[in-house]
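# I would like to see how this sequence folds:
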Amino acid sequence: MILAIDAGNTRCKWALFDAKASMVAEGCWVNDELAEQALPACWHEAKRIVVSNVAGMAASRPLLGMFQHLHAPVHWVHASHGAAGVINGYQPPEALGSDRWAALIAAWQHYQAPCLVVSAGTALTVDMLSRHEQPSGGEFKGGTISPGFRLMHQSLLQNTEGIRTLPGMWRTAPTNTGDALYTGISHAMAGSVLLQWQQMKAMPGNDTDAIIPCVLTGGDVELLRQALVQAQPDLPVTIDPSLVLRGLFYLERECL
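Just a heads-up that it's a prediction; the model follows:
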């Protein structure tokens, strides 16, 4: 068994995988409550542990406390020049976030074709995964980072006098502040994704008529999906909430 842990900026997700890459157990904690969590009994079944941590010591300290009770080697993932069939074009390669790297790995393992890998969490990342002919495999061509829904929302609340926290939803023509905030931020996120999608289709070597799917993951994936469908109904969108965890599994399996 391989235990994969994705410690993001807000939440810590985990999954236990068997040798056939099937997820046999999973869980999720809010980072603020991570130190209070009891060690899941199934973690004792893990023969290896692989971790992506972008939350720093806030996540690593309580996780290390849990690992002391286990008898399995721990691999803290960092991006590299290449792994699991994907070449990393970031500069320098190791500066790419470990969660983005794992998501790219999982997307290539699943699709074996060009796609846009999008994570809608604390930050919105939109990464272009293309095909590399020599050697055959995937290649990360680049991507963008922008504030996610909650960061944009908090920024407006903190830096404007006339806006207050109000519930909202997507509207074609918002007529109240809550709906205006929700819709405007959703549009900003969808626009970032659609622009990268168009740029990827126009890249040399890519067929402008080819179907390039958008693979979405992250805590705000559903509101982003709704915004994308409204903006471009024919956009091929796939939701994979466990994308990073599966990528971590593939990275660790390669080490066996």
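
# and residue 127, helix, strand or coil?
Each residue gets one of three states, and residue 127 gets strand by DSSP: H, G, I helix; E, B strand; the rest coil.

# please name the nearest non-neighbouring residue to it.
residue 143 (3.3 Å; CB to CB, 6 or more residues apart in numbering). (Each C-beta comes from the backbone N, C-alpha and C, glycine too.)

# now the lengthiest helix in the chain: buried residues?
When every helix of the chain is counted residue by residue (DSSP state H), the longest turns out to be helix 177-201. Taking 16 or more other CB atoms under 10 Å as the neighbour-count basis, helix 177-201 is seen to contain the buried residues 178-183, 185-186, 189-190, 192-194, 196-197, 199-201.

# cool, stretch 211-224 as well?
Of the residues in stretch 211-224, those buried by neighbour count under the rule 16+ other CB under 10 Å are 212, 213, 214, 215, 216, 217, 218, 219, 220, 221, 223, 224.

# cool, stretch 38-46 as well?
40, 43, 46.

# thinking again about what came up before, I'd guess the residue nearest to residue 127 is in a strand, am I close?
Yes. Assessed with three-state DSSP, residue 143 lies in a strand.

# nearest spatial neighbour of residue 125, chain-adjacent residues omitted?
Nearest-residue entry for residue 125: residue 119, 4.7 Å, with adjacent residues in sequence omitted and distances by CB to CB, 6+ apart.

# what does the helix or strand where the one you found lies contact?
According to DSSP states H and E, residue 119 maps onto strand 115-120. Residues lying outside strand 115-120 but in contact with it, judged by CB atoms under 8 Å, 6 or more residues apart in numbering, are 99-100, 103-104, 107, 124-129, 143, 148-149, 189, 193, 196-197, 200, 212-221, 223-224, 243-244.

# repeat for stretch 168-181
Applying CB under 8 Å, 6+ apart, the contact partners of stretch 168-181 are 153, 156, 163-164, 166-167, 182-184, 186, 223, 226-227, 230.

# mind checking which of those residues land in helices?
Checked against DSSP H, these include these in helices: 153, 156, 182, 183, 184, 186, 223, 226, 227, 230.

# looking at the residues you listed, spot the one nearest residue 57.
residue 153 (26.5 Å; CB to CB).

# now do the helices in the protein.
Counting by DSSP H, the helices of the chain are 57-67, 98-111, 149-159, 177-201, 221-231, 243-255.

# starting at the chain centroid, how far to the first one?
Offset of helix 57-67 from its chain centre (CA atoms, centre = their mean, to the nearest Å): 21 Å.

# in it, what's buried?
Taking 16+ other CB under 10 Å as the neighbour-count basis, helix 57-67 is seen to contain the buried residues 59, 60, 62, 63, 66, 67.
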